[in-house]
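Asks: With the input below, show me the fold.
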Amino acid sequence: MALDLRHRVRSLMRWEIGLVFALVAVIVFGIEASSQFLTSINLFYLNLSIGEIAIMTLPMTLLIVTGEIDLSVASMLGMSSALVGDLYSRGWSMPLVIASVLAVGAAAGCFNGFLVTRVGLPSLAVTIGTLTLYRGIAVVVLGPSTVSSFPTKYTNIGVNALPHTGGYVSYSVGSFILLAVVFGIVLHATPFGRSLFAMGANAEAARYAGIRVKRTKLILFVVSGMVCALAGILYTFRLSTAVQDNGIGLELSVVTIVLLGGVSIFGGRGSIVGVVLAIAVFAGLQSALFLTNFEQRAMGVVTGTLLLLSVLIPNLSAFVQRGRDVLRRRELGGAGRAPAREAAS
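Replies: Purely as a prediction, here's the structure:
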């Protein structure tokens, strides 16, 4: 058990080191592609483009570590955006709108978690269903309408930099950094975080060890809903527009980043540091390709390729490692039998 844990940690560290090299390669590629790549304005727009996606990767990381997944994250963002527009257009004050949307996000996450933990349905099937359900609610709430008459002090949050950051850090990325610190401490420095890894490695063993698996997973789904609602609010402020299709398709980017960050799709392994590095690689690559006039409609090809590589490479590595372990055991077994034959003779 201890040997297996040390092997997992070493594998994860190697993956993170690989991400550092990948980030360096992306930076070099970006500099070669355009002299604008490292300018302050491009870095800030890179901030704006990745902020809400980065926020949604955090609860997704914790869920996948436990062996679950939430594919409805982008639909919850879209539903939250639609609710912001609808409630504000009805005359609600913006603070009340924000509080209400966060509550609805928590309820949506709780619904996902209830179906997974209490009804016993697989999270993949549940969240594929609620992906459509929450997007449908957004359509019902707003229909073809567009709401864009939000107060300037809120829309400025979406497009301005945080004070005292030199114009580099957007409010969404600032929110992500704060949340990443919290999620990182929870995952890597608390008994709760260790229980998440235990659940992902073996849910039955975790249950026998006294971990309340169902309740813990339900909490994570609720947190996921609230965080996605926050992302939806920030997304609405950034675009200064609420429409029913806001954020459509972003779930693929979220899952890609999390897996690229070294989080095992089978659960039990991952780190917030790896996910943060993957966000930087993903955002930098997107920005560099944009500056080369790469066809933006083809970005799905890049995202899909990264997703496949994120799943394929760790599994190939594990397959090679298992082969090495088998050969090593055979060599040790052969070395042990040889002295025994000599003694018998």
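
Asks: Only C-alpha atoms from now on, for both contacts and neighbour counts.
Replies: Noted.

Asks: what residue is smack in the middle of the chain?
Replies: With distances taken as Cα atoms, centre = their mean, the residue of the chain nearest its centroid is residue 57 (2.0 Å).

Asks: mind listing what that residue touches?
Replies: Applying Cα atoms under 8 Å, 6 or more residues apart in numbering to residue 57 gives the contacts 254, 255, 257, 258, 275.

Asks: Next one: residue 98 from residue 124, what distance?
Replies: Relative to residue 124, residue 98 is positioned 29 Å away (Cα to Cα, to the nearest Å).

Asks: if you count what's nearby, which of these two comes out ahead?
Replies: residue 98 (20 against 14; other Cα atoms under 10 Å).

Asks: so how far is residue 98 from residue 154?
Replies: Taking Cα to Cα, one finds residue 154 at 11 Å from residue 98.

Asks: ok, residue 226 touching residue 109?
Replies: Yes: counting by Cα atoms under 8 Å, residue 226 touches residue 109, with 7.3 Å between them.

Asks: quick one on the thing from earlier: any idea which helix or strand carries the residue nearest to the centre of the chain?
Replies: Under the criterion of DSSP states H and E, residue 57 resides in helix 40-65.

Asks: Give the buried residues for the helix or strand following that helix.
Replies: Downstream of helix 40-65, the next assigned helix or strand under DSSP H and E is helix 73-89. Under the neighbour-count criterion of 16 or more other Cα atoms under 10 Å, helix 73-89 has 73-88 buried.

Asks: repeat for stretch 225-241
Replies: 225-238, 240-241.

Asks: returning to that earlier point: now the angle between helix 73-89 and the helix holding residue 57, please.
Replies: 120 degrees (axes from the mean of the first three to the mean of the last three Cα atoms, to 10 degrees).

Asks: For helix 40-65, list every residue counted as buried.
Replies: In terms of neighbour count (16+ other Cα under 10 Å), helix 40-65 has its buried residues at 42-65.

Asks: averaged over its residues, what pLDDT does that helix have?
Replies: Helix 40-65 shows a mean pLDDT of 94.

Asks: Likewise for stretch 217-228?
Replies: For stretch 217-228, mean pLDDT is 98.

Asks: And the contacts of that stretch?
Replies: Counting by Cα under 8 Å, 6+ apart, 55-56, 59-60, 62-63, 66, 70, 73-74, 76-77, 102-110, 112-114, 117 sit against stretch 217-228.

Asks: What of stretch 133-149?
Replies: Contacts with stretch 133-149, where a contact means Cα under 8 Å, 6+ apart, come from 72, 75-76, 78-80, 82-83, 85-86, 89, 240-245.

Asks: can you rerun that using 10 Å?
Replies: By Cα atoms under 10 Å, 6 or more residues apart in numbering, the residues outside stretch 133-149 that reach it are 72-89, 108, 127, 130, 132, 155, 236-237, 239-248.

Asks: would you put the C-alpha positions of stretch 33-42 in CSV?
Replies: Provided in CSV are the C-alpha atoms of stretch 33-42 (Å, rounded to 0.1, in the frame of the first residue of the first chain):
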residue,chain,number,x,y,z
ALA,A,33,4.1,33.2,-33.5
SER,A,34,3.7,36.8,-32.6
SER,A,35,5.5,39.6,-30.9
GLN,A,36,2.1,40.4,-29.2
PHE,A,37,2.0,37.2,-27.2
LEU,A,38,3.7,38.5,-24.0
THR,A,39,2.3,42.0,-24.1
SER,A,40,0.2,43.1,-21.2
ILE,A,41,-2.9,43.5,-23.2
ASN,A,42,-2.7,40.0,-24.7
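
Asks: Which residues belonging to that stretch are considered buried?
Replies: For stretch 33-42, by 16+ other Cα under 10 Å, it's 33, 37, 42.

Asks: Residue 308: neighbouring residues, count only.
Replies: For residue 308, the neighbour count with other Cα under 10 Å is 14.

Asks: Make residue 1 into 322 and carry on from there
Replies: Okay, using 322 as the starting number, the last item reads as residue 629.

Asks: what's the helix or strand for it?
Replies: Residue 629 belongs to helix 620-665, assigned by DSSP H and E.

Asks: Please flag which of the contacts of residue 378 sit within helices.
Replies: Here DSSP state H is the test, and the contacts of residue 378 give 575, 576, 578, 579, 596 as lying in helices.

Asks: Quickly list what's touching both of residue 547 and residue 430.
Replies: Counting by Cα under 10 Å, 6+ apart, the residues touching both residue 547 and residue 430 are 397, 424, 541.
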